[in-house]
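>>> Next input, structure requested:
(one chain, ligands or ions: 1)
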Amino acid sequence: MAGDKYHQERLETPPPPVGCPMHASWSPLNEDYLAEPYAIASHLRDAHPVFYAEELNYLVVTEMEEIERIFNDHETFASVNVQDPVFPLAPEAQQVLSAEDFNPVAVMSNRPEPDHGRIRKYTRQGFSNKRIKTLEPFMRRRGNQLIDAMLAAGSSAEFVDAFAFPLPGETVFRFIGFPEADDELLKQWCGDRKAFSWGRPTGAQQTEIAEQMLAYWRYCREFTASKQANRGDDFTSELITAHEENPDDITYREVESVVYGLSFAGHEAVTSAICNTLQCLLPRRDVWTEICADPTLIPNAVEEVMRFNSSQISWRRLTTVDTTVGGYDVPAGTAIFMNFASANRQADIFENPNEFDIHRPNAAQNISFGKGVHYCLGARFAKFETQVMTEILADRIPSLRLVEDQSESYSPNVTFRGPTTLHLAWD
Ligand code: HEM
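Model (predicted):
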């Protein structure tokens, strides 16, 4: 079915809602916003809780209450557009993805009800606490190996390459059940998937990513087939068994497509979450020292990072019928941009919202994992990974610090946020 395609091109959008404030120049890709979104996001929210961003062609919603209402009403505000490229695809990239065998279907974040609920019933089981805990020994062993290599190479390192990119990738690959021998290939294919849907890649970059997506999809299909014959203690094996027991309720193509989507969902946002955690903790030496002395503080510190400096600062929806948003009449087919950066810094919810406070009692009220039927299936997994990695670093390298005066850069992305490099030093 065409409507079930995993990645769709954006449809024509209706005109902006009548009377709604218009913003001609703001875009989440503006250089100043990429570098430091929070003050700008709060300013925009205070000026107009809902406004239309002309550059983006999206209706921007900035306040927590309205964002939660949208998340909770999945019939009016569908999630069908969340994986679609924000900007049009180059013809060459479209050509690559038109390959006859490139046919993953929407299964999780971009699949509407009731099918989404039907599929999530099975995928949810695979995200049990037990399965996540079984990955802990791998995370600790591999995390320690990467730290050993970092320490052996000198007194400073580029942390994204050395630790933050490989570890979450390999962890989600073990969760899915991919063999370790394929890790380097997989990391290459999944290298910059976030640029495809949420960035502004050039035509040549889009085509290159599209080729990787096609190669990766073919790999997922072969891998799922091989798992059919050779089950293991992994998420894919569980899902294949669920399909065999309930072939009409979860199809084989849906199983393949879940595998295809997971390695992205479970990778780059966690890479950035670890970097963002260190960006918050390391310059505040008293906080870092407190954490090194008492690792039980880490879980709430991670919640506070998800509020204060999240690796995901927006998400999208599409109106299915004429409705109202922020008091304005909004036509069906309007694309909605929910701005987490502004909602997570709301003073009426979070006291002194611009202060980073690892003891904040309601840090977990952040909206960074969404809400409602599509609430991030990997939220516990992501937080646990970030906690374990912070714990290993605090234990092994208490003298860890950011290299002074390093230039920070963020890749152009409307949703995912984390530094492209992070230089760390130690004594
Ligand atoms: C810090 C890291 C992460 C952040 C900030 C994040 C955030 C999100 C958000 C905002 C959504 C959409 C929620 C909604 O529409 O209501 C989502 C969905 C999802 N995430 Fe995550 N995520 C993270 C890590 C992970 C990991 C590690 C996995 C898996 C291993 C994962 C798997 C998923 C899946 C499968 C969905 C779709 C759920 C559904 O539609 O039922 N995520 N995530």
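>>> that's a strand at Phe51, yeah?
Yes. Assigned with DSSP: H, G, I helix; E, B strand; the rest coil, Phe51 falls within a strand.
>>> can you list the weak-confidence ranges in the stretch 251-400 of the chain?
By pLDDT under 70, the stretch 251-400 of the chain has no low-scoring segment.
>>> Strands along the stretch 51-200 of the chain, start to end?
Secondary structure of the stretch 51-200 of the chain (DSSP state E, counting those that start in this stretch): strands at 58-61, 77-78, 156-158.
>>> The stretch 251-400 of the chain too?
Here the stretch 251-400 of the chain has its strands, by DSSP E, counting those that start in this stretch, at 314-319, 323-325, 328-330, 335-339.
>>> Of those strands, give the one that comes closest to Val61.
Among those, the nearest to Val61 by CB to CB is strand 335-339 (5.2 Å). Quick note: C-beta positions are derived from backbone N, CA and C, even for glycine.
>>> Identify the single longest helix in this protein, thanks.
Secondary structure assigned by DSSP state H gives helix 203-229 as the longest helix of the chain.
>>> pLDDT averaged over that helix - what is it?
Taken as a whole, helix 203-229 has an average pLDDT of 94.
>>> one step back: TSV for the strands of the stretch 251-400 of the chain, including mean neighbour count?
Putting those into TSV (neighbours: other CB atoms under 10 Å) gives the following:
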stretch	mean neighbour count
strand 314-319	24
strand 323-325	17
strand 328-330	18
strand 335-339	23
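>>> quick one: which of these is nearest the ligand?
strand 314-319 (4.9 Å; CB to the nearest ligand atom).
>>> Can you name every helix or strand that that closest one contacts?
Contacts defined by 3 or more CB pairs under 8 Å, 6 or more residues apart in numbering; DSSP states H and E place strand 314-319 against strand 77-78, strand 335-339, helix 340-343.
>>> Tell me which residues are up against that strand.
Contact with strand 314-319 is made by 28, 58, 70, 76-82, 325, 330-341, 370, 414-415, as judged by CB atoms under 8 Å, 6 or more residues apart in numbering.
>>> Any of those buried? List them.
28, 58, 70, 76-82, 325, 330, 334-341, 370, 414-415 (16 or more other CB atoms under 10 Å).
>>> what's the neighbour count on Thr289?
For Thr289, the neighbour count with other CB atoms under 10 Å is 13.
>>> for it, what are its contacts?
Taking CB under 8 Å, 6+ apart as the contact definition, Thr289 lies against Pro398.
>>> can you check Pro112 too?
With CB under 8 Å, 6+ apart, Pro112 has these contacts: 74, 78-80.
>>> The residues you listed: which ones sit near the ligand?
Among the contacts of Pro112, proximity to the ligand is found for Ser79 (CB under 6 Å from any ligand atom).
>>> Thank you, goodbye.
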